[in-house]
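>>> only the shape, not the letters, is given here:
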């Protein structure tokens, strides 16, 4: 498993993920409308690229187990339900600290590696609960903010919500953009909004949720990705998980190619987070393959790659158990919260 070495999770105010390949934090730059308007997407070529991925790249046995263990370190273990409770969040935090049963880790030779998920993601109300439950673990708490999921509350309320979550101990803020700015091509308004969100976050890292299922076209996805990065986003993220269409390989390809273009022009590395609809271990492997092929090995680490998921961890644990024992267990033996 040397190619996919598992590193401990940690956070930093000025760098992505101190403790595992820390990189300089993205710095906002002036809005370049010429660059934004010049973005084009070859949709047919992109569709062909992702269509060939599942059949072209496969891993089996020990190699698959290594990739799945790496995926666990990148999961933002999430609960964003109307019936969330303090007890559920506490259980989720316990699972984040011990995401795989001890006997499975022992059989895989990973018992002493300090395996954890990348973060916990909750509503603002539960930030303090999660911070307390995760104290001393090094696992950051991410809070959804800015009127999640629709993002239609007044701008000043959005900023106050961010500030409140940071005050309660959130180290990462997942904001939702105003889709109207994208749909009407008001890139200045999107830039100004995102710049304010970044400023309100302070030392907390900000993930910009584009709600790709709502903004209609791949060109819009590409342009919105670029504008958010120009305004200082640390990560760009596909979805809230509440849209009709959430993360897809096609959207992922478009967004990570904008990350690559942004890095080539500015020198800054921006992270990527697909979210919504990724619930099977076999699916997450395709996202990992795409990240490595398009952006490189560095984007397999939690400082530059996160996966927003609630049920994915249970399936990964089942697959790891099958790898060790040759048997599948019921999903309820791997409940996350």
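It's in. All figures in this text were calculated on a predicted structure; none of them were measured in a lab.

>>> which regions of the protein sit below the pLDDT cut-off?
By pLDDT under 70, the weakly predicted segments of the chain are 1-21, 330-337.

>>> what about the strands in it?
In the chain, the segments counted as strands under DSSP state E are 15-16, 23-24, 75-78, 119-122, 141-145, 172-176, 205-209, 235-237, 271-273, 307-309.

>>> now the helices: where do they sit in the stretch 51-200 of the chain?
Taking DSSP state H, counting those that start in this stretch to define them, one finds helices in the stretch 51-200 of the chain at 61-72, 86-97, 102-108, 127-133, 155-167, 179-183, 187-201.

>>> and those helices: which comes nearest residue 273?
Closest approach to residue 273 among the helices of the stretch 51-200 of the chain (CB to CB): helix 61-72, 12.9 Å. (Glycine included, C-beta is placed from N, CA and C.)

>>> residue 103: which of the strands of the chain is closest?
If we rank the strands of the chain by CB to CB, the stretch that ends up nearest is strand 75-78, at 20.7 Å.

>>> before we move on, back to that, including mean neighbour count and distance to residue 109, could the strands of the chain go into JSON lines?
Output for these, formatted as JSON lines (neighbours: other CB atoms under 10 Å; distance: least, CB to CB, whole Å):
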{"stretch": "strand 15-16", "mean neighbour count": "20", "distance to residue 109": "28"}
{"stretch": "strand 23-24", "mean neighbour count": "14", "distance to residue 109": "29"}
{"stretch": "strand 75-78", "mean neighbour count": "26", "distance to residue 109": "21"}
{"stretch": "strand 119-122", "mean neighbour count": "30", "distance to residue 109": "25"}
{"stretch": "strand 141-145", "mean neighbour count": "28", "distance to residue 109": "30"}
{"stretch": "strand 172-176", "mean neighbour count": "27", "distance to residue 109": "31"}
{"stretch": "strand 205-209", "mean neighbour count": "28", "distance to residue 109": "32"}
{"stretch": "strand 235-237", "mean neighbour count": "27", "distance to residue 109": "31"}
{"stretch": "strand 271-273", "mean neighbour count": "26", "distance to residue 109": "29"}
{"stretch": "strand 307-309", "mean neighbour count": "29", "distance to residue 109": "24"}
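
>>> now tabulate the ones you listed in TSV and tack on distance to residue 129.
What follows is these, written out as TSV (distance: least, CB to CB, whole Å):
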stretch	distance to residue 129
strand 15-16	25
strand 23-24	30
strand 75-78	14
strand 119-122	8
strand 141-145	9
strand 172-176	16
strand 205-209	20
strand 235-237	23
strand 271-273	22
strand 307-309	19
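
>>> list the contacts of the closest residue to residue 161 other than its chain neighbours.
Nearest residue to residue 161 in three dimensions, chain neighbours excluded: residue 145, at 4.9 Å (CB to CB, 6 or more residues apart in numbering). By CB atoms under 8 Å, 6 or more residues apart in numbering, the residues touching residue 145 are 124, 158, 161-162, 165, 173-176.

>>> now, which of these sits nearest residue 134?
For those, the minimum distance to residue 134 (CB to CB) is 14.7 Å, reached by residue 165.

>>> tell me how far the closest residue to residue 111 other than its chain neighbours lies from residue 256.
Spatial nearest neighbour of residue 111, chain neighbours left out: residue 105 (4.7 Å); criterion: CB to CB, 6+ apart. Distance of residue 105 to residue 256, computed by CB to CB, to the nearest Å: 31 Å.

>>> same drill for these two, tell me which one is more crowded.
For residue 105 versus residue 256, neighbours defined as other CB atoms under 10 Å are more numerous around residue 256 (23 against 19).

>>> now do the more buried one against residue 300, distance only.
Counting by CB to CB - residue 256 and residue 300 are separated by 12 Å.

>>> quick one: terminal-to-terminal distance for stretch 106-122?
Its first and final residues considered, stretch 106-122 spans 30 Å by CA to CA, to the nearest Å.

>>> quick one: distance of that stretch to the chain centre.
17 Å (CA atoms, centre = their mean, to the nearest Å).

>>> in it, what's buried?
107-108, 110, 113, 115-122 (16 or more other CB atoms under 10 Å).

>>> returning to what we had before: dump the helices of the stretch 51-200 of the chain to a markdown table, plus distance to residue 43.
Shown next, in a markdown table, are the helices of the stretch 51-200 of the chain (distance: least, CB to CB, whole Å):
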| stretch | distance to residue 43 |
| --- | --- |
| helix 61-72 | 28 |
| helix 86-97 | 38 |
| helix 102-108 | 41 |
| helix 127-133 | 39 |
| helix 155-167 | 32 |
| helix 179-183 | 17 |
| helix 187-201 | 21 |
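
>>> out of those helices, flag the one nearest residue 28.
Among the helices of the stretch 51-200 of the chain, helix 187-201 sits nearest to residue 28 (CB to CB), with 5.9 Å.
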